[in-house]
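1. the following comprises the amino acid sequence and a computationally predicted model.
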Amino acid sequence: MSDHQIYPIIIVGGGPVGLYLALRLIKSGIRCLVLEQKPEIDNHSRSLGIHPVSLELFDELQIADQFIEKGTKISKGHAFADDTFIGTISFEDCPPPFNFILSLPQNMTEQMLQDTLNRADPECLQRGIELVDFYQTGQSVHLTCKREEGILHYQTDWLIGCDGKNSIVRKKAGMTFEGKQYPDTYIMGDFNDCTTFGSDAAVYIHRDGLVESFPLPDGQRRWVLKTSNYFENPTHSILANLLKKRVSIDITRNQMHMISSFGVQHFLADTFCTGRILLAGDSAHIVSPIGGQGMNLGWISAGFLFQALHQIHHKNRNAEQILQSYTDVARRIARQVALRAEMNMRLGRKQNLPVLRQLLIRALVNSPLKNTLAKVFTMRGLGKWWI
Ligand SMILES: Cc1cc2nc3c(=O)[nH]c(=O)nc-3n(C[C@H](O)[C@H](O)[C@H](O)COP(=O)(O)OP(=O)(O)OC[C@H]3O[C@@H](n4cnc5c(N)ncnc54)[C@H](O)[C@@H]3O)c2cc1C
């Protein structure tokens, strides 16, 4: 079966970034198509945190409230050195109204973005279609895609790769992706909550490796533990035993909802734009998940890309110049977020001088600098401060 359809903008990838970008375009009157290879949303949740900067972006679309209704507001994080309490960082003094981090599993976030997009334009998101090849001519890009029933052909003015870290768009356009794999490995799982933390987060800077704990909706809690090696087949008992040994919390009998292992990488594309091919989200930048900022960074860069496309489409502005500014600003912010994520990750590593590190953290958490820390943890000051 053969077909040939023409769209002003085609987004490849219906993950959180592609869905958000499509919603912004559709709501501002710019027609676009999203092609997603998976027939449905993945049930495995990676991200859990929606930061205030992202809630502000959602608020511009008048959708922030529906996310807040489903999620859990994290207003405080308690810090421990080994298992001794050393202080609390509060987000309540951050700029209102979004002076909290919203905990919501990524699959629920994607479902809500998808439902909102489907209501705005039921034809926009097409699932079960995989981009396999494309080429650029002067004014357009020609796509070859695969679906169960056969091959499809599309033509577009702008092709946007929101197709994740292994992006075919980035690779075939010849954009380089520089970075590295860190030696750090983690195990992460969601369980029924047995702690007294309620809706607060907790971070244990432990001599045997970091332990992070975040509330989730529906009475669940996520545990993330630094491990000394990668567990190919992580299990409830591996995570529970490590947790008990480090911080004396026993989740052996708590119902488990998800478990996984992950390694950590940092990669950045050399440009986010070449001719009529553009990138946003993980296709353009990968940061360490420790600190929980990768998806939020994707929305921030998609927000800048939307502004650029809006100016080109509605105001007839010079595309080359505007897209170069998009690349410059979004790459600068991606580098800054990567630096912050790396600092979080280094803090949680096993160290030779644990006592010195504990004294330093105790001093930070109990000084006026803790307000700056709260801002860094909530992704404030990007593009303004050096960290
Ligand atoms: C363990 C872990 C925990 C994390 N926790 C957090 C957190 O707490 N906070 C946070 O902000 N971030 C977090 N992240 C990062 C976050 O998950 C990613 O940054 C986010 O998913 C990126 O979204 P995206 O839309 O750019 O890419 P993806 O989510 O990867 O989506 C890309 C989409 O493109 C589709 N696709 C790919 N190729 C094609 C093709 N050829 N044709 C059609 N479709 C295609 C894929 O099927 C996929 O649906 C975490 C990541 C990990 C691994």
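-> Good, I have the coordinates.

2. alongside the ligand, which residues does the stretch 251-387 of the chain contribute?
-> Proximity of the stretch 251-387 of the chain to the ligand is confined to 262, 281-282, 289, 292-296, 298 under the rule Cβ under 6 Å from any ligand atom. Glycine gets a C-beta too; all of them are placed from N, C-alpha and C.

3. what residues are bridge-paired with E178?
-> Taking DSSP bridges as the rule, E178 bridges to L268.

4. center of the chain - which residue?
-> Closest residue to the average C-alpha location of the chain: M295 at 1.3 Å, with Cα atoms, centre = their mean.

5. sticking with it, tell me its helix or strand.
-> helix 294-315 (DSSP states H and E).

6. other SSEs contacting that helix?
-> When contacts are defined as 3 or more Cβ pairs under 8 Å, 6 or more residues apart in numbering; DSSP states H and E, helix 294-315 sits against helix 16-27, helix 52-60, strand 285-286, helix 319-347.

7. worst average pLDDT in these?
-> Among these, helix 319-347 carries the lowest mean pLDDT, a mean of 92.

8. got the buried residues for that one?
-> Neighbour counts over helix 319-347 (16 or more other Cβ atoms under 10 Å) mark 319, 322-323, 326-327, 329-331, 333-334, 336-338, 340-342, 344-345, 347 as buried.

9. likewise stretch 108-118?
-> For stretch 108-118, a neighbour-count test (16+ other Cβ under 10 Å) marks 108-110, 112-114, 116-117 as buried.

10. next step: the residues you listed restricted to helices.
-> Residues of the buried residues of stretch 108-118 located in helices (DSSP state H): 108-110, 112-114, 116-117.

11. okay if I get these as TSV plus distance to H78?
-> Formatted as TSV, those follow (distance: Cβ to Cβ, whole Å):
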residue	distance to H78
M108	25
T109	25
E110	30
M112	29
L113	31
Q114	35
T116	34
L117	37
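
12. mind listing the helices for this protein?
-> 16-27, 52-60, 64-70, 106-120, 168-173, 236-247, 294-315, 319-347, 354-365, 369-377.

13. what's the distance between the residue nearest to S75 when sequence neighbours are not counted and G14?
-> Nearest non-adjacent residue to S75, counting by Cβ to Cβ, 6 or more residues apart in numbering: F100, 4.7 Å away. Distance, F100 to G14, by Cβ to Cβ, to the nearest Å: 28 Å.

14. burial count for whatever residue of the stretch 201-350 of the chain ends up closest to the ligand?
-> Closest approach between the stretch 201-350 of the chain and the ligand, counting by Cβ to the nearest ligand atom: G281, at 2.3 Å. Close neighbours of G281, defined as other Cβ atoms under 10 Å, add up to 30.

15. and if you look at D250?
-> Using other Cβ under 10 Å, D250 is surrounded by 12 other residues.

16. tell me how far it lies from S325.
-> In this structure, D250 and S325 are 53 Å apart, going by Cβ to Cβ.

17. cool, T227 as well?
-> 42 Å.

18. and for I101?
-> For I101 relative to S325 (Cβ to Cβ), the value is 29 Å.

19. circling back: now distance to E36 too, for the helices of the chain, in a markdown table please.
-> A markdown table is the format used below for the helices of the chain (distance: least, Cβ to Cβ, whole Å):
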| stretch | distance to E36 |
| --- | --- |
| helix 16-27 | 7 |
| helix 52-60 | 21 |
| helix 64-70 | 21 |
| helix 106-120 | 9 |
| helix 168-173 | 13 |
| helix 236-247 | 31 |
| helix 294-315 | 15 |
| helix 319-347 | 22 |
| helix 354-365 | 42 |
| helix 369-377 | 32 |
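
20. pLDDT at the residue of the stretch 1-150 of the chain found nearest the ligand, what is it?
-> In the stretch 1-150 of the chain, the residue that lies nearest the ligand is G15 (2.2 Å; Cβ to the nearest ligand atom). We have a pLDDT of 98 for G15.

21. now swap in P105 and tell me
-> 96.

22. and the nearest residue to it once chain neighbours are set aside, how many neighbours?
-> By the measure of Cβ to Cβ, 6+ apart, the closest residue to P105 outside its immediate chain neighbours is S45, 3.5 Å from it. As a burial measure, S45 scores 20 neighbours (other Cβ under 10 Å).

23. which ones are touching the residue nearest to E342 when sequence neighbours are not counted?
-> Spatial nearest neighbour of E342, excluding adjacent residues (Cβ to Cβ, 6+ apart): S288 at 6.2 Å. Counting by Cβ atoms under 8 Å, 6 or more residues apart in numbering, S288 makes contact with 182, 184, 264-266, 338, 341-342, 344-345.

24. in JSON lines, list the residues you listed along with distance to R380.
-> Shown next, in JSON lines, are these (distance: Cβ to Cβ, whole Å):
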{"residue": "Y182", "distance to R380": "25"}
{"residue": "D184", "distance to R380": "25"}
{"residue": "V264", "distance to R380": "23"}
{"residue": "Q265", "distance to R380": "25"}
{"residue": "H266", "distance to R380": "21"}
{"residue": "A338", "distance to R380": "17"}
{"residue": "A341", "distance to R380": "15"}
{"residue": "E342", "distance to R380": "18"}
{"residue": "N344", "distance to R380": "15"}
{"residue": "M345", "distance to R380": "20"}
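
25. ok, those residues vs R246, which is closest?
-> Of all the contacts of S288, R246 sits closest to D184, with 16.2 Å by Cβ to Cβ.

26. tell me how far the closest one lies from G174.
-> Distance, D184 to G174, using Cβ to Cβ: 30 Å.

27. more neighbours: those two, which one.
-> Neighbours per residue, other Cβ under 10 Å: of D184 and G174, the larger number sits with D184, 22 against 10.

28. do you know the pLDDT at the residue of the stretch 101-250 of the chain found nearest the ligand?
-> Of all residues in the stretch 101-250 of the chain, the one sitting closest to the ligand is G164 (2.8 Å; Cβ to the nearest ligand atom). Predicted confidence (pLDDT) at G164: the value is 98.
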